[in-house]
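K.L.:
sequence first, predicted coordinates after that:
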Amino acid sequence: MINAHRAPLAPEVLTAALGDELKVLYRSSLAELAEQLALLPDKPEESTETTLAALWHAASGLPLSARMASCYPLVHLDAGQIGHFRDLIGRRLAGTPLAYLTGRQHFMGLEMLAAPEALIPRQETQLLAATTAALMAAVEASISAPLVVDVCTGSGNLALALASRKASSRILAADLSAEAVALARDNARHLGLEQQVEFRIGDLLQPFLEDATLVGQVDLLVCNPPYISSAKVDTMNGEIAGHEPRLAFDGGPLGIRIVQRLIAEAPTLLKSGGWLAFEVGLGQARGLMQRMEKSGNYDSVEQRLDAAGQGRVLVGRTTTATA
């Protein structure tokens with residue numbers, strides 16, 4: 001059982017169980033990564049040290065995320081495992097994302113499965129997860145079993161992070177990609193949460209708007225939509241553009257095509273006074289807040305700032321019906 005609360009080990013403790021030859025391999029591999037590995041700012045948990053530890057564990061048969069890899073002592077590798085480890089190092093240096101090599105990514109305290117079928121959950125999206133969890137707790141204080149919907153669910157990270165709270169909400173999630181939904185369902189089983197989240201396949205809100213029992217009944221709608229402009233997607237780092245699904249990034253010519261649909265369609269699905277929360281790209285918050293306010297469908301629109309003071313999450317409450 002992986003303990004998400006474990007702290008990273010000091011380097012001498014991490015490698016204490018290794019023989020002299022494997023310690024030499026560890027040091028030489030660390031130097032190789034330090035010289036050649038290009039680390040990206042969108043995954044700050046990855047460093048040369050955490051990358052090396054994650055690949056070492058993967059070669060030994062213990063898949064761990066970059067966040068958790070340094071929390072468990074490295075173990076002996078046999079000749080075959082050393083070959084596998086060196087192959088993983090080569091693939092990482094060639095640009096394959098670490099999470100796809102280890103099959104794991106940490107998100108909101110969960111060791112999740114990661115695969116090329118879906119976007120790798122980012123640390124920045126934890127702001128949306130925390131915001132949504134707080135909204136869900138507030139709704140649960142007045143409603144016995146709120147209905148929560150997560151669209152553009154990808155690997156299911158947001159829906160499953162909410163479900164892991166073991167709260168009273170009913171949680172539904174959907175994605176346009178059948179492959180992503182299959183991974184999300186695998187994640188639910190992997191985390192023992194398959195009874196807490198129901199996954200559907202379809203375009204944005206359609207899987208729910210087509211269900212008459214859900215229209216106008218949702219208490220909280222959450223979404224981490226594609227919000228990168230099509231032209232910018234083509235210029236993204238090859239580690240991202242060459243491996244992660246374009247569908248998860250491409251938000252159309254201006255990057256807000258999906259978000260505009262979300263803002264327009266959400267009031268039909270939400271209850272009067274229901275909440276919409278979604279992530280936005282850098283520089284998009286102000287314009288989208290104004291769009292929500294001018295629509296007349298939301299009587300409360302706020303932004304949540306990241307550590308750099310940038311608006312990265314928007315929260316809107318649908319206009320409460322008056323008698």
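P.N.:
Arrived safely.
K.L.:
near the closest residue to residue 170 other than its chain neighbours, how many other residues are there?
P.N.:
The shortest distance from residue 170 to any non-neighbouring residue, by Cβ to Cβ, 6 or more residues apart in numbering, is to residue 147 (5.2 Å). Every residue, glycine included, has its C-beta placed from N, CA and C. Using other Cβ atoms under 10 Å, residue 147 is surrounded by 22 other residues.
K.L.:
residue contacts, residue 147?
P.N.:
169, 170, 172, 214, 217, 218, 219, 220 (Cβ atoms under 8 Å, 6 or more residues apart in numbering).
K.L.:
export the longest strand along the chain to PDB, keeping only CA atoms.
P.N.:
The strand that spans the most residues within the chain, counting by DSSP state E, is strand 270-279. In PDB, the C-alpha atoms belonging to strand 270-279 read as follows (Å, rounded to 0.1, in the frame of the first residue of the first chain):
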ATOM      1  CA  LEU A 270     -27.400  23.100 -13.100                       C
ATOM      2  CA  LYS A 271     -30.000  23.800 -10.500                       C
ATOM      3  CA  SER A 272     -31.000  27.300  -9.700                       C
ATOM      4  CA  GLY A 273     -28.200  28.500  -7.500                       C
ATOM      5  CA  GLY A 274     -25.900  25.600  -8.600                       C
ATOM      6  CA  TRP A 275     -22.200  26.100  -9.100                       C
ATOM      7  CA  LEU A 276     -19.900  26.000 -12.100                       C
ATOM      8  CA  ALA A 277     -16.100  25.700 -11.500                       C
ATOM      9  CA  PHE A 278     -13.500  25.400 -14.200                       C
ATOM     10  CA  GLU A 279      -9.800  26.000 -14.900                       C
END
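K.L.:
which helices and strands sit right next to it?
P.N.:
Other elements packing on strand 270-279 under the criterion 3 or more Cβ pairs under 8 Å, 6 or more residues apart in numbering; DSSP states H and E are helix 126-140, strand 218-223, helix 257-269, strand 311-318.
K.L.:
now do that strand: distance to the chain's middle.
P.N.:
Its chain's C-alpha centre and that of strand 270-279 lie 20 Å apart, by Cα atoms, centre = their mean, to the nearest Å.
K.L.:
so in this structure, which helix runs the longest?
P.N.:
Taking DSSP state H as the criterion, the chain has its longest helix at helix 20-36.
K.L.:
then that helix to PDB, C-alphas only?
P.N.:
What follows is helix 20-36 as a C-alpha-only set of coordinates in PDB (Å, rounded to 0.1, in the frame of the first residue of the first chain):
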ATOM      1  CA  ASP A  20      28.700  -0.600  -4.400                       C
ATOM      2  CA  GLU A  21      28.200  -1.400  -8.100                       C
ATOM      3  CA  LEU A  22      24.600  -0.200  -8.000                       C
ATOM      4  CA  LYS A  23      25.600   2.900  -6.200                       C
ATOM      5  CA  VAL A  24      28.000   3.700  -9.000                       C
ATOM      6  CA  LEU A  25      25.100   3.100 -11.500                       C
ATOM      7  CA  TYR A  26      22.900   5.400  -9.400                       C
ATOM      8  CA  ARG A  27      25.500   8.200  -9.400                       C
ATOM      9  CA  SER A  28      26.400   7.900 -13.100                       C
ATOM     10  CA  SER A  29      22.700   7.900 -14.100                       C
ATOM     11  CA  LEU A  30      22.100  10.900 -11.900                       C
ATOM     12  CA  ALA A  31      24.900  12.800 -13.600                       C
ATOM     13  CA  GLU A  32      23.600  11.700 -17.000                       C
ATOM     14  CA  LEU A  33      20.100  13.100 -16.200                       C
ATOM     15  CA  ALA A  34      21.500  16.300 -14.700                       C
ATOM     16  CA  GLU A  35      23.400  16.900 -18.000                       C
ATOM     17  CA  GLN A  36      20.800  15.900 -20.500                       C
END
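K.L.:
buried residues in that helix?
P.N.:
Across helix 20-36, burial judged by 16 or more other Cβ atoms under 10 Å covers 22, 25, 26, 29, 30, 32, 33.
K.L.:
any stretches of the stretch 101-250 of the chain with poor pLDDT?
P.N.:
Applying pLDDT under 70 to the stretch 101-250 of the chain picks out no residues at all.
K.L.:
quick one, strands of it?
P.N.:
With DSSP state E, counting those that start in this stretch, the ranges of strands along the stretch 101-250 of the chain come out as 104-107, 110-113, 147-151, 170-175, 197-201, 218-223.
K.L.:
name the residues that touch the second one?
P.N.:
Put plainly, it is strand 110-113. For strand 110-113, with Cβ under 8 Å, 6+ apart as the criterion, the contacting residues are 2, 4, 64-65, 68, 103-106, 121, 155-157, 160-161, 164, 183, 186-187, 190-191.
K.L.:
could you find the closest non-adjacent residue to residue 320?
P.N.:
residue 273 (4.6 Å).
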